[in-house]
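1. Based on what follows, work out the 3D shape:
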Amino acid sequence: MRESFLSFSPPCLGEEEIAEVVDTLRSDWITTGPKTRRFEKEFARFIGAEEALAVNSATSAMLVGLAAAGVGPGDEVITTTMTFCSTVHVIEHVGATPVLVDVERDTLNLDPAAVEAAITPRTKAIIPVHLYGHPCDMGSLVPLARKHGLLLLEDAAHALPARHLGRMIGTIGDLTAFSFYATKNLTTAEGGMLTGAPELLEKCRLWSLHGMSRDAYKRYSAEGSWYYEVVVPGFKCNMTDIQAALGLHQLARLPAFQRRRREIVARYTEAFSTLPELEVPVEREGMESAWHLYVLRLHLQRLQIDRARFIEELRRRNIGASVHFIPVHMHPYYRERYHYAEESFPTAAGEFRRLVSLPLHPRLTEEDVEDVIEAVGDIVTLHRR
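-> Numbers count the residues shown, from 1 in each chain. Here you go, the predicted structure:
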């Protein structure tokens, strides 16, 4: 058994990030400024997007995207129940109504057939969530959105860098929101990015900073002007240069991070595929997952313990684990507000009960990976029926 606790997903920061942050702190500019703009440009280039807007979270990216597209009271937005609550919160925040749908069993991404069945004359947008880093079926969703004239706003909080049939996620829908939270494949501690067409992103930029026609750098720097106008009732969602300083070097290191993630995934899958008590995650043909999470599914009928006990047994062996996610319709607010039952979305509800997320990050050593494999195997052996 390990002597020290193996954290589920710590950040992977190096001396380059630290030096860049120090340089920012010693400069005359620490909030939104030149490093944020440089990060936006380098991120857009990396993804292959036309333009990018740096914000303080993926939640904010989705919020300003909906607002800029004119989504509001009286509108409906279709999304998945198998996601983190923020995906659905932003729909409520703009005054629209979230319409949840069930998921496909293999990827747990939203089911395009369920999306199509949920479209009404009030539908204004679709928010696909690329869960765990695996792309949704955009080949079905894009024509569906175009047919009905709907905004396609992708929640790619897990999906950097992922590819759908050779195309990078971030270049397919109308807008794509990325997360740089502390646990993500690229981190700025807190932060996010929105990609899309320049004309739409310009509207999003206005909404992201109080609806002002000039940000602080354009007002207070040497080349700036004091004059500004408020043109929309915007939010406060901007990224700082301190965050961008981290992101610049995290972006440069991302390809190496991803190679390591895929090595770990291959090792896990090789080991766990031999155990009939476990179901390993899939990667569909033509898709390239970002592998933000490695999520096992327990065949509980083959075990004498439930999921909670399985996770507790991992913790006893000093292995961190988690569950992603409790379906949105099972949370009290959404359950009571929209009168959902647990089985309103049977695939999501059923699969949720057997999900376990294992440690997956570039800092894992070979010994760490073997410790995880040994712990999982030991628990299965001790508690199989």
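2. What is the neighbour count of the residue nearest to L293 when sequence neighbours are not counted?
-> Nearest residue to L293 in three dimensions, chain neighbours excluded: Y132, at 4.3 Å (Cβ to Cβ, 6 or more residues apart in numbering). C-beta here means a position set from N, CA and C on the backbone, and glycine is covered the same way. Neighbours of Y132 under the rule other Cβ atoms under 10 Å: 25.
3. Need the three-state assignment for Y132.
-> Using DSSP: H, G, I helix; E, B strand; the rest coil, the structure places Y132 in helix.
4. what's the following helix or strand after the helix or strand bottoming out on mean pLDDT in the chain?
-> Lowest by mean pLDDT, DSSP states H and E among the helices and strands of the chain is helix 216-220, with a mean of 56. With elements assigned by DSSP states H and E, the helix or strand that comes after helix 216-220 is helix 241-272.
5. quick one: average pLDDT of that following helix?
-> Taken as a whole, helix 241-272 has a mean pLDDT of 98.
6. cool, and stretch 152-164?
-> 98.
7. From R261, how far off is N109?
-> Note on N109: its distance to R261, by Cβ to Cβ, to the nearest Å, is 19 Å.
8. Strands of the stretch 51-200 of the chain, start to end?
-> 51-55, 76-80, 97-101, 123-127, 151-155, 163-164, 167-168, 175-179, 192-196 (DSSP state E, counting those that start in this stretch).
9. and these as a markdown table, adding mean neighbour count?
-> A markdown table is the format used below for the strands of the stretch 51-200 of the chain (neighbours: other Cβ atoms under 10 Å):
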| stretch | mean neighbour count |
| --- | --- |
| strand 51-55 | 28 |
| strand 76-80 | 26 |
| strand 97-101 | 20 |
| strand 123-127 | 25 |
| strand 151-155 | 25 |
| strand 163-164 | 20 |
| strand 167-168 | 17 |
| strand 175-179 | 30 |
| strand 192-196 | 29 |
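10. Of all those strands, which one is nearest M212?
-> Ranking these by their distance to M212 (criterion: Cβ to Cβ) puts strand 51-55 first, at 14.5 Å.
11. ok, and what's touching the closest one?
-> Here strand 51-55 makes contact (Cβ atoms under 8 Å, 6 or more residues apart in numbering) with 32, 36, 39-41, 43-44, 61, 64, 191-198, 201, 204-205, 208, 237-239, 243-244, 247.
12. domain parsing for the protein?
-> Using automatic domain parsing, the domain parsing of the chain gives 15-251, 254-383.
13. okay, those domains, which one's buried deepest?
-> domain 15-251 (a mean of 20; mean count of other Cβ atoms under 10 Å).
14. roughly how far out does that domain sit from the chain middle?
-> Centroid separation between domain 15-251 and its chain, computed with Cα atoms, centre = their mean, to the nearest Å, is 10 Å.
15. Do me a favour and get the end-to-end distance for that domain?
-> End-to-end distance for domain 15-251: 14 Å, by Cα to Cα, to the nearest Å.
16. ok, which stretches of the stretch 251-385 of the chain are helices?
-> Under the criterion DSSP state H, counting those that start in this stretch, helices of the stretch 251-385 of the chain are mapped to 307-316, 332-338, 346-352, 366-383.
17. Could I get the CA-only coordinates of the longest one as CSV?
-> In other words, helix 366-383. Output of helix 366-383 as CSV, limited to C-alpha atoms (Å, rounded to 0.1, in the frame of the first residue of the first chain):
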residue,chain,number,x,y,z
GLU,A,366,5.0,4.9,-13.4
GLU,A,367,4.9,3.8,-9.7
ASP,A,368,1.8,5.9,-9.2
VAL,A,369,0.1,4.3,-12.1
GLU,A,370,1.0,0.8,-10.9
ASP,A,371,-0.3,1.7,-7.4
VAL,A,372,-3.7,2.7,-8.9
ILE,A,373,-3.9,-0.5,-11.0
GLU,A,374,-2.9,-2.6,-8.0
ALA,A,375,-5.4,-1.0,-5.7
VAL,A,376,-8.3,-1.4,-8.1
GLY,A,377,-7.3,-5.0,-8.8
ASP,A,378,-7.0,-5.8,-5.1
ILE,A,379,-10.5,-4.3,-4.4
VAL,A,380,-12.1,-6.3,-7.2
THR,A,381,-10.4,-9.5,-6.1
LEU,A,382,-11.5,-9.1,-2.5
HIS,A,383,-15.1,-8.1,-3.3
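18. what's it packed up against?
-> Counting contacts by 3 or more Cβ pairs under 8 Å, 6 or more residues apart in numbering; DSSP states H and E, helix 366-383 packs against helix 241-272, helix 307-316.
19. Report the contact partners of the residue lying closest to E42 once chain neighbours are set aside.
-> In space, and not counting its chain neighbours, E42 is closest to L251: 6.0 Å by Cβ to Cβ, 6+ apart. Going by Cβ under 8 Å, 6+ apart, L251 touches 39, 42-43, 46, 186.
20. coming back round to it: tell me which of the helices of the stretch 251-385 of the chain lies nearest to E17.
-> Closest to E17 of the helices of the stretch 251-385 of the chain, according to Cβ to Cβ: helix 366-383, at 22.0 Å.
21. so how far is that closest one from its chain's centroid?
-> Per Cα atoms, centre = their mean, the centroid offset for helix 366-383 relative to its chain is 28 Å.
22. Report the rounded mean pLDDT for that helix.
-> Mean predicted confidence for helix 366-383 is 98.
23. Adjust the sequence numbering to begin at 37 for everything that follows.
-> With 37 as the first residue, the last one maps to helix 402-419.
24. Tell me both backbone torsions, phi and psi, for M248.
-> Backbone torsions for M248, taken as degrees, to the nearest 10, come to phi -90, psi 140.
25. returning to what we had before: rebuild the strands of the stretch 87-236 of the chain as a markdown table, extending it with distance to T417.
-> Shown next, in a markdown table, are these (distance: least, Cβ to Cβ, whole Å):
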| stretch | distance to T417 |
| --- | --- |
| strand 87-91 | 47 |
| strand 112-116 | 35 |
| strand 133-137 | 39 |
| strand 159-163 | 42 |
| strand 187-191 | 38 |
| strand 199-200 | 37 |
| strand 203-204 | 41 |
| strand 211-215 | 37 |
| strand 228-232 | 42 |
